[in-house]
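> Got a predicted structure plus its sequence, pasted below:
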Amino acid sequence: MKVIGTTKIAVVLVGLPARGKTYIGRKVYRYLQWLGVSCKVFNVGEYRRKEAGAYSGHEFFDVKNEAAEKIRMQCAVSALEDLVSWLDSIHNGVAIYDATNSTLIRRKMIYDHCEENDIHVMFVESWCDDEELILKNILEVKKTSPDYVGVTNYDEVEKDFKLRISHYKEVYQAVGECPGEKIPELGDYNEANITYVRKINVGVQMVINQIKDYMQSRIVYFLMNIHIIPRSILFSRHGESMYNQLGLLGGDSELSPNGVKYSEALPALVKRIMGDQDFTVWTSTLKRTIQTASKLDYKKVQFKALDEINAGLCDGMTYKQVKQKFPEEYSMRSQNKFEFRYRGGESYRDVVLRLEPIIMELERQQNIMIVSHQAVLRCIYSYFLEVCPEELPYIKIPLHTLMKLTWTAYGCEAQMYSLDIDAVDTHISRPKMGSEKVKSSGEKKTSLEAQVLGEEIFDTDFKESNILEYSTAENSVSPPKKDELST
Ligand code: ATP
Ligand code: F6P
């Protein structure tokens, strides 16, 4: 029975192989998760690998291969049943069903099963006839696919994958297409009445049909903005500010002498990383980011949405003063830093929501450098690197460090270039709970943590000219490596 007010959507991807369905599904997943929407991807290829064992070759996808067709149907049904159970277990959410779903019969089966379970279906088709791009996709992602583990001859991969595509082409029906003759199994199934989006040749054209609610329109808007043009995104916090030196929160202070040194060193570092590529620099409207970017000779734009988290009544205090003056709030923040909203100010969740237009614009743009603040950059990084809300407020974004995002097949990697210019450490580690071991007092401490936590100090060794690598592949931070670009 449908509970009033619940929205459960199945985004059902459609498209021939190597049309970017997994890529699109992963991006939608990342965007919605980041906004706080429950989201899960069901990839039928993974079910196939589990149920049918190792991949034997393109013949498995031949429409005349009845035994294989049966297995493929079983896998599609298993994934669909899991999708329905998952949506049944939550109040609101979006499930992404990643498969080719290339025939009307297959889509009718999915649609009927979802409808029976009060799930709104939204078909998202990626249609592409750009042969050069398709070949690039094959070479970029398919040679590393689990289907070709151990195959080192990439010509073989290309040949096999092209044959796989040709099997699908024999039966492919675009979304919204009316079959030439009446197919009895379809009954009155008619995609003209169903919600769908067709992204044609990476968005040269989009066809949008029967969008019915807010969440569907958000997804459509997102799909309209994403692109696959290679680009670079750089992030940096402002240089050390006078407030940072004093351990004060928020404010609108000037850069400290160390911060000025960083702003002077930044153009050379950016040049070494970006070469002659042109880009736009986005700053917040606060003095410390504007001053940090002042020596960068590129077009600049200020965004209020990039201003630091608003600490409300705590603005201008040290963490120690916050703890003394508002002990209960200090403790609440320690327990759930993502949800905690400063009195008269913001929570990290609030910051995520106000950054949504920035993320959308970042998706639309090409080369961009952002100079912003600790909390804001944590929120932006968590979008690209898929960091969960519990971890987000503890991401280490040191001062005097530049981060560069690079795109991988389905996600992002980040590299950090740390300049050897002194700065205080403003990072507060997650408080250790219960019986967790606290480091002994002889170990290295950082000034701000020392103010607040006494002897409960945790390691934050970042001032060693490190290059850190983050990756969506592992959702984790690997140990620091020496940075060849460090000065
Ligand atoms: P398969 O059916 O084999 O799983 P797929 O359709 O899921 O294939 P992906 O594995 O997602 O294809 O292909 C990833 C590649 O597709 C990336 O190189 C990405 O740049 C590219 N890509 C992303 N979006 C599109 C699009 N709209 N059209 C064509 N290619 C795209
Ligand atoms: O300390 C510098 C700063 O940018 C403050 O202005 C801001 O309140 C804080 O970092 C955000 O970090 P956290 O959420 O860890 O307190």
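Now that the structure is in, tell me what you want to look at. Numbers count the residues shown, from 1 in each chain. Ligands and ions are numbered 1, 2, ... in the order given.

> Show me where the stretch 351-487 of the chain has its helices.
Per DSSP state H, counting those that start in this stretch, the stretch 351-487 of the chain has helices spanning 374-385, 447-453. These are given in chain order.

> So for the last one, mean pLDDT?
Okay, so that is helix 447-453. In this model, helix 447-453 has an average pLDDT of 36.

> Stretch 64-80 now?
Predicted confidence along stretch 64-80 averages 96 (mean pLDDT).

> and it, which residues are buried?
When neighbours are counted by 16 or more other Cβ atoms under 10 Å, the buried residues of stretch 64-80 are found to be 68, 71-72, 75-76, 78-80. From N, CA and C alone the C-beta is placed, and that goes for glycine too.

> how much space between I119 and ligand 2?
I119 is 38 Å from ligand 2, where distance means Cβ to the nearest ligand atom, to the nearest Å.

> so that residue touches A10, yeah?
Yes - between I119 and A10 there is a contact under Cβ atoms under 8 Å: 5.1 Å.

> Who has more neighbours out of these two?
Counted by other Cβ atoms under 10 Å, I119 and A10 do not tie: A10 has more neighbours, with 25 against 22.

> Kindly report the residues of this structure close to ligand 2.
Within the chain, the positions near ligand 2 by Cβ under 6 Å from any ligand atom are 244, 249-250, 308-309, 311, 373-375, 393, 426, 428.

> Now the two most distant members of those.
Of all pairs drawn from the residues of the chain next to ligand 2, the one with the largest separation by Cβ to Cβ is N244 and P393; the distance is 17.7 Å.

> which one is whichever residue of the stretch 251-400 of the chain sits closest to ligand 1 nearest to, not counting chain neighbours?
Across the stretch 251-400 of the chain, the shortest distance to ligand 1 (Cβ to the nearest ligand atom) belongs to E363, at 12.3 Å. Beyond its immediate neighbours in the sequence, the residue positioned closest to E363 (Cβ to Cβ, 6 or more residues apart in numbering) is N225, lying 4.7 Å away.

> about what we covered before: looking at the residues of the chain next to ligand 2, state which has the most neighbours.
N244 leads the residues of the chain next to ligand 2 on contacts (other Cβ under 10 Å) with 26 neighbours.

> mean confidence for the helix or strand that one falls within?
Secondary structure assignment for N244, by DSSP states H and E: helix 242-246. pLDDT averaged over helix 242-246 equals 98, rounded to a whole number.

> just stretch 215-234 next, same as before
Mean pLDDT, computed over stretch 215-234, is 96.

> can you tell me if it touches ligand 1.
Yes - shown here: stretch 215-234 in contact with ligand 1 (Cβ under 6 Å from any ligand atom) through I228.

> list the buried ones in that stretch?
By neighbour count with 16+ other Cβ under 10 Å, stretch 215-234 contains the buried residues 215-216, 218-220, 222-226, 231-234.

> Then stretch 168-182?
168, 172-175.

> and the two most separated of those residues?
Set against one another by Cβ to Cβ, these have their most distant pair in Y168 and V175, with a gap of 14.4 Å.

> Any figure for the gap between the closest residue to F384 other than its chain neighbours and R378?
The spatially closest residue to F384, leaving aside those adjacent along the chain, is C412, at 4.5 Å (Cβ to Cβ, 6+ apart). Look at C412 and R378: by Cβ to Cβ, to the nearest Å, they are 15 Å apart.

> Look at those two and report which has more neighbours.
Counted by other Cβ under 10 Å, C412 and R378 do not tie: R378 has more neighbours, with 23 against 19.

> tally of neighbours for the closest residue to that one other than its chain neighbours?
Closest residue to R378 in three dimensions, ignoring its sequence neighbours and counting by Cβ to Cβ, 6+ apart: I395, at 4.5 Å. Residues within reach of I395, counting by other Cβ under 10 Å, total 18.
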